[in-house]
Every structure is written in structure tokens, then in C-alpha cells.
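>>> quick one, what's the 3D model for this:
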Amino acid sequence: MPENSWGVGPLNWRGLVDETLRRRKAEGMTQREHAALASVSVPTVAAFDRAELTLTLTKAFDILRVVGLIDEERTDGVQNAFVQESVKRWRTLIDTLPTDAPGRFLHGWYRIDYCLEGDLRSVSLTEYEDILRKAVTRHTGWPVFLFLSTPKLAPREVDGAIECWLATPGVDRTFDDAGHTDFWRGVPPGCQFLIRGYQEDGQETFPPGTIFDTTLPVWRLGEGLLHAEKLASLLRKSDDTPITVRFRAIYTGLSGRVLRSWANPLSDLLVEGHAARIDEAVLEVTVPAETIAERLGEHLFPMIASLYERFGVTGLTINRVKAETDRLLNNRVGSS
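Got it, this is the predicted structure:
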């Protein structure tokens, strides 16, 4: 065996797992909360807790990082730290809500986060708020990273970030269901986080937690990528500056839901499967910002295909996803 000149000992995997569990318990964190902060699935955290050796290093590092057991410098460390801060902030806010409040997303939620990488302009937090207002893409009536004019619901500066919480108590709202009580947060130079409940769960025609719309993920994830493209165009130092988007999404509360074409019954994206047997889906893609609108369907396809696999759907074609993204891109909605 080569001489160990760095004083590095063998990895004590069981010891790392035990210390992780100790720190999680000390922080009062549940397994589900740990998974959300690490951007991994609950089954992945469960496998980690059993000290299984089949986990990838990436997933193990994501779990260890949450409890402060990773000392590193890496490009996505900023994004992970930002997401963890954002999740903790959201959990602090919802602690003020009644236990049955829609803003708690009792039947599940989905989360989008992304960070821009490249030669970006340095801007103040006040400037960043103005840029975010310009970056809103209006292809639907309730776009991601929405700006509302109601003072108590408008985005504002909080602890070095621009923050918006649409479930703020004591405010009269037209919509008060899980799908319209977003929490989002952003920091310069281009990291964004959004968590939102399911629009399907606010309908009276079927019980919450029972269906999952086929087209809404294409539209919502598509809006998220288009927002990143717009923000990159507003922050890049020059027109020919290449910007990369690290984009991620998590869907929770899937188990037992069935796919239904509810939001747009006339959509070409009609797929059949079974009720989801897996509760979560963790999706991610890294793409050049300047290609997003032009290749939206191509960028979305692997994420949508992976998501639909939870419902037993196989054989989804890229052309069907592109047909839906074309519909999204051609749909324009006026300012709120």
C-alpha cells in the first residue's frame, strides 16, 4: 500500500451515518425535511440511514452537506446552501399558519430552483429586485416568481434576499388554494427558489391528493427555464457572454395520484399509466441559457419522462413534449 503522506485515514462510513443521524436529531429535523434540504428523495435518505453502500457519492455528499459534514469548495455549493436557507425560511413562515392552512401544502408540493453561472454583472439587492420584475415571463396567468401589487404580498428585501410569500396571513386574496400560495426567494447574481402546492388540490370536483395533471409540469418547468433565460439576458455582461443554467425540480406527494388531463383536456399530451407508487421525483438539467426558448422541448423532455415514469408511463416521445412547449411559447398573458 502506498505511503499516506497526507495523514488521511480510511473512511468510517458507519461513523459518518451515525453522526449525521445524531445531528439531524439534535436539530429536530425529520427524514422528509432532510431529503428536501438535500434535494434528494426520501428513499435515498432512508438508504443512507441504513448505511447502504449503493448510494452515489453525489447523493451521499448532498445528505452530509445539510448537517455540516462536508468541507469543500464547489460550484454548486452556493446553490445548495441557498436552497437550504430558502427551505428553512419557508418552514419558519408556515409555522405561523393554522395546521389545515392551504399554504402548508398538506398534500404535497413541487419545488424549482436554479442558479446562473458565467460572467454576470454585480448588482445590488435593490437593483436585483427591479431586474426580477422585468424577468417575469407571462405565458400563463400565474407565472413563476410572480410580482403582485398588493403591498403585503409584494416581493421585498429580507435578510439579503428578495422574498415573496403569497400565504401571508390577514390578506384578502382572490385565490387561497395550495396552487396559489407560493413562496419564492432570489439572490444576486442569479439564484432562484420557488415552492408551490398543486393546483389540482384546490378543485371541488375531486378530492385533494388524488390526481396529477399531465400538462401542468411541462408548463411550470417550462416557465422556470424561460425565467432563467430572461434573467440571464438581463444579467450577462455582454450579448455574447455564455451563461449556464443549473436547474432542478422536486415533486412530492405523488404516491396514490393518477394522471389526468385536467388543466387542458384538449392537449395532445394524453398519457395513461397507473397510480404513482413512488412519492417523489427529483429532476435536474444543466443547459446553456441562450438555447432555452429555441430548444425548450428538448431540455424539458428528460425531466418530464422521468417524472411520468413514477406513474408507469413509458414510451413518451420528445415530439409530444415539443407540441406542448410550442403551445406554451405561443401563449401570452397580459400583466397582472
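>>> only C-alpha atoms for contact and neighbour calcs from this point on.
Will do.
>>> C-alpha coordinates for stretch 186-203, PDB please?
Extracted in PDB, the C-alpha atoms of stretch 186-203 (Å, rounded to 0.1, in the frame of the first residue of the first chain):
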ATOM      1  CA  GLY A 186     -33.900  35.100  -5.000                       C
ATOM      2  CA  VAL A 187     -30.400  36.400  -4.500                       C
ATOM      3  CA  PRO A 188     -27.900  38.000  -6.900                       C
ATOM      4  CA  PRO A 189     -26.200  37.200  -9.100                       C
ATOM      5  CA  GLY A 190     -29.000  34.800 -10.200                       C
ATOM      6  CA  CYS A 191     -30.100  32.100  -7.800                       C
ATOM      7  CA  GLN A 192     -33.900  31.500  -7.600                       C
ATOM      8  CA  PHE A 193     -36.100  29.200  -5.400                       C
ATOM      9  CA  LEU A 194     -39.800  28.600  -5.600                       C
ATOM     10  CA  ILE A 195     -42.100  26.200  -3.700                       C
ATOM     11  CA  ARG A 196     -45.800  25.800  -4.600                       C
ATOM     12  CA  GLY A 197     -48.600  23.400  -3.900                       C
ATOM     13  CA  TYR A 198     -50.700  21.600  -6.600                       C
ATOM     14  CA  GLN A 199     -53.400  23.500  -8.400                       C
ATOM     15  CA  GLU A 200     -55.200  20.200  -8.800                       C
ATOM     16  CA  ASP A 201     -55.700  20.000  -5.000                       C
ATOM     17  CA  GLY A 202     -57.800  23.200  -4.900                       C
ATOM     18  CA  GLN A 203     -60.600  21.800  -7.000                       C
END
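>>> how far is it from where the chain is centred?
On the basis of C-alpha atoms, centre = their mean, to the nearest Å, stretch 186-203 sits 7 Å off its chain's mean C-alpha point.
>>> residue boundaries of the strands in the stretch 151-300 of the chain?
Listed in chain order, the strands of the stretch 151-300 of the chain (DSSP state E, counting those that start in this stretch) span 156-158, 161-165, 183-187, 191-197, 211-213, 243-251, 258-260, 281-288.
>>> go through those strands and name the closest to residue 107.
Between residue 107 and the strands of the stretch 151-300 of the chain, the shortest separation by C-alpha to C-alpha is 7.9 Å, and it involves strand 191-197.
>>> so where's the longest helix in the chain?
Using DSSP state H to define each element, the chain has its longest helix at helix 216-235.
>>> tell me what that one is packed against?
Here helix 216-235 touches strand 109-118, helix 125-135, strand 243-251, helix 296-309, helix 318-330, going by 3 or more C-alpha pairs under 8 Å, 6 or more residues apart in numbering; DSSP states H and E.
>>> redo those as JSON lines? Include mean pLDDT.
Below are the helices and strands packed on helix 216-235 laid out as JSON lines (pLDDT from 0 to 100):
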{"stretch": "strand 109-118", "mean pLDDT": "96"}
{"stretch": "helix 125-135", "mean pLDDT": "97"}
{"stretch": "strand 243-251", "mean pLDDT": "96"}
{"stretch": "helix 296-309", "mean pLDDT": "96"}
{"stretch": "helix 318-330", "mean pLDDT": "94"}
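>>> which of those sits most buried?
strand 109-118 (a mean of 23; mean count of other C-alpha atoms under 10 Å).
>>> please enumerate residues in contact with that strand?
79, 83, 189-198, 221, 224, 228, 232, 236, 241-253 (C-alpha atoms under 8 Å, 6 or more residues apart in numbering).
>>> ditto for stretch 314-333
Identification of contacts with stretch 314-333 by C-alpha under 8 Å, 6+ apart yields 138-141, 215, 218-219, 222, 267-269, 293, 296-298, 300-301, 305, 308.
>>> that one: how far from the chain's middle?
Worked out by C-alpha atoms, centre = their mean, stretch 314-333 lies 20 Å from the chain centre.
>>> only alpha carbons, please: show it as CSV.
Extracted in CSV, the C-alpha atoms of stretch 314-333 (Å, rounded to 0.1, in the frame of the first residue of the first chain):
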residue,chain,number,x,y,z
THR,A,314,-43.2,4.6,-20.8
GLY,A,315,-42.6,5.5,-24.4
LEU,A,316,-43.2,9.2,-24.1
THR,A,317,-41.8,10.9,-27.2
ILE,A,318,-40.0,14.1,-27.4
ASN,A,319,-42.4,15.3,-30.2
ARG,A,320,-45.3,15.2,-27.8
VAL,A,321,-43.4,17.3,-25.3
LYS,A,322,-42.4,19.7,-28.0
ALA,A,323,-46.0,20.1,-29.1
GLU,A,324,-46.9,21.2,-25.6
THR,A,325,-43.9,23.6,-25.3
ASP,A,326,-44.9,25.1,-28.6
ARG,A,327,-48.4,25.8,-27.1
LEU,A,328,-46.7,27.3,-24.1
LEU,A,329,-44.5,29.6,-26.1
ASN,A,330,-47.3,30.8,-28.2
ASN,A,331,-49.5,31.6,-25.2
ARG,A,332,-49.1,35.2,-23.9
VAL,A,333,-50.9,36.7,-20.9
